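1. here is a sequence with its predicted model. Questions after.
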Amino acid sequence: MAYTKNNKKKIPYYCNMISVSNLSKKYDSVEALKGISFNIKQGEFFGLLGPNGAGKTTTISIMSTILEPSGGTINIAGFDLKKDPTECKKNIGVVPQEIALYNDLSAYDNLMFWGSLYDVPTTELKLRIDETLKLFGLSERKNDKVKTYSGGMKRRINIASALLHKPKILFMDEPTVGIDPQSRNLIFEVLEKLHKEGMTIVYTTHYMEEAERFCDRIGIIDNGEIIAQGTLEELKSLSKIQETIVVSFTNLTDTLYEQISKEWKNIKRIEDSIQFFSSDIKSDLSVIILKCNQAGLAITHIDIQKVNLETIFLSLTGKQLRD
Ligand SMILES: Nc1ncnc2c1ncn2[C@@H]1O[C@H](COP(=O)(O)OP(=O)(O)O)[C@@H](O)[C@H]1O
Ligand SMILES: [Mg+2]
């Protein structure tokens, strides 16, 4: 029998905690999801990575019962979302993209409010609130009104409120956008702890670094379709682009860049450097150097970077993730 990474907990790795099949969503004329399918195992940290407008929030919102799908089926912790939404909801904690808190209430009272929506007995709820405030480094500020909090602190309370009923599954929709590095690091530490303890986590992001760092498996979503899914290693093996050759120059101009881009399809300019995306470095490197020399470009530095999620995305879609 196979187990999760956390062998001590003996969680069977084969059972699907979440199963999404042929999920579609239309908003009037916009086809936001075009029949996506994926399975997430118990204890897995699953990342949904894609650019703005890909369909991440729509997916998470449907899975959280906030939004009705147009078609498809979802099973969460053994329950059919359509038939048993209440049972599904008991098992999930949701951190939406837009923070929802009462600004005129203290952090403590916000947590009391959100916690009371679940059937947690008051004495137990109070204990959990204290525990959670400590976990997120906010015990000392618990009686201050949320409107005095920074964006990062609000986000921490927002995540805390999703954990009070001890859900088996946590859904998070781009939780680190626009927050300070200190809060971001604290959130990462908490997520790593929850993951180690066996929580199933679904995390959407458009930051490839986050997906690379945390996720056991990643689904790459674009234009309402999952275009690839697997572990990072599995995704790397799908990529045509295997290396990025980054060449820096002393005299790169718009005209020279244009000239080079006519001769080399997959390139990107970053200030005084050009990134050349390559599927065969052995043959490409010498050609690139030759073409740059012929164009009169003076090379100062060459750096070779291995395949990553950015290049995998480019390779699969022909677009840059950060466009
Ligand atoms: N309420 C809505 N009405 C119409 N179109 C919407 C609505 N919400 C999202 N969309 C569209 O659906 C697509 C997916 O959006 P969304 O799920 O928010 O993507 P993401 O979270 O990946 O940025 C986009 O084209 C977006 O403009
Ligand atoms: Mg979104």
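-> In hand now; what should we look at? Ligands and ions are numbered 1, 2, ... in the order given.

2. contact residues of the stretch 1-150 of the chain facing ligand 1?
-> When proximity is defined by CB under 6 Å from any ligand atom, the stretch 1-150 of the chain lies next to ligand 1 at Tyr27, Val30, Ala32, Gly50, Asn52, Gly53, Ala54, Gly55, Lys56, Thr57, Thr58. Every C-beta, even on glycine, is put in place using the N, C-alpha and C of the backbone.

3. name the nearest residue to the fifth one, ignoring sequence neighbours.
-> It refers to Asn52. In space, and not counting its chain neighbours, Asn52 is closest to His206: 6.4 Å by CB to CB, 6 or more residues apart in numbering.

4. equivalent analysis for the last one, please.
-> Leaving aside its sequence neighbours, Thr58 sits nearest to Ala32 (CB to CB, 6+ apart; 4.6 Å).

5. burial of that neighbour, as a residue count?
-> Neighbour count of Ala32, defined by other CB atoms under 10 Å: 19.

6. so in that sheet, which strands flank the helix or strand harbouring it, and in what orientation?
-> Element membership for Ala32 (DSSP states H and E) is strand 30-41. Strand pairing for strand 30-41, using DSSP bridges, gives strand 16-27 (antiparallel).

7. can I get the strand it pairs with as CSV, trimmed to CA atoms?
-> Taking Å, rounded to 0.1, in the frame of the first residue of the first chain, the C-alpha atoms of strand 16-27 are listed here in CSV:
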residue,chain,number,x,y,z
ASN,A,16,-9.5,10.6,-4.2
MET,A,17,-10.6,13.4,-1.8
ILE,A,18,-11.8,15.5,-4.7
SER,A,19,-13.0,14.4,-8.1
VAL,A,20,-14.0,16.8,-10.8
SER,A,21,-15.4,15.5,-14.0
ASN,A,22,-16.2,17.4,-17.2
LEU,A,23,-17.0,20.6,-15.4
SER,A,24,-18.3,23.4,-17.5
LYS,A,25,-19.4,27.0,-16.8
LYS,A,26,-20.9,29.6,-19.1
TYR,A,27,-21.5,33.2,-18.1
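
8. got the buried residues for that strand?
-> For strand 16-27, a neighbour-count test (16 or more other CB atoms under 10 Å) marks Asn16, Met17, Ile18, Ser19, Val20, Leu23, Ser24, Lys25 as buried.

9. flag whichever of those residues scores worst on pLDDT.
-> Checking pLDDT across these, the minimum falls on Asn16 at 91.

10. point out where the stretch 151-300 of the chain drops to low pLDDT.
-> By pLDDT under 70, the stretch 151-300 of the chain contains no weakly predicted segment.

11. ranges for the strands of it?
-> With DSSP state E, counting those that start in this stretch applied, the stretch 151-300 of the chain shows strands at 169-173, 200-205, 217-222, 225-230, 243-249, 267-270, 273-278, 299-306, listed in chain order.

12. which strands and helices sit next to the second one?
-> Just to be clear, that refers to strand 200-205. strand 16-27, strand 30-41, strand 45-49, helix 56-63, strand 169-173, helix 181-196, helix 208-214 (3 or more CB pairs under 8 Å, 6 or more residues apart in numbering; DSSP states H and E).

13. looking at these, which is closest to Ile157?
-> Nearest to Ile157 among those is helix 181-196 (10.6 Å), distances taken as CB to CB.

14. now the closest one and strand 169-173, what's the angle there?
-> Taking axes from the mean of the first three to the mean of the last three CA atoms, to 10 degrees, one finds that helix 181-196 is oriented at 150 degrees with respect to strand 169-173.

15. returning to that earlier point: can you say which of the strands of the stretch 151-300 of the chain is packed in most?
-> strand 200-205 (a mean of 25; mean count of other CB atoms under 10 Å).

16. who touches that strand?
-> 17-18, 40-50, 56-57, 59-60, 63, 168-176, 191, 194-195, 210-211, 214-215 (CB atoms under 8 Å, 6 or more residues apart in numbering).
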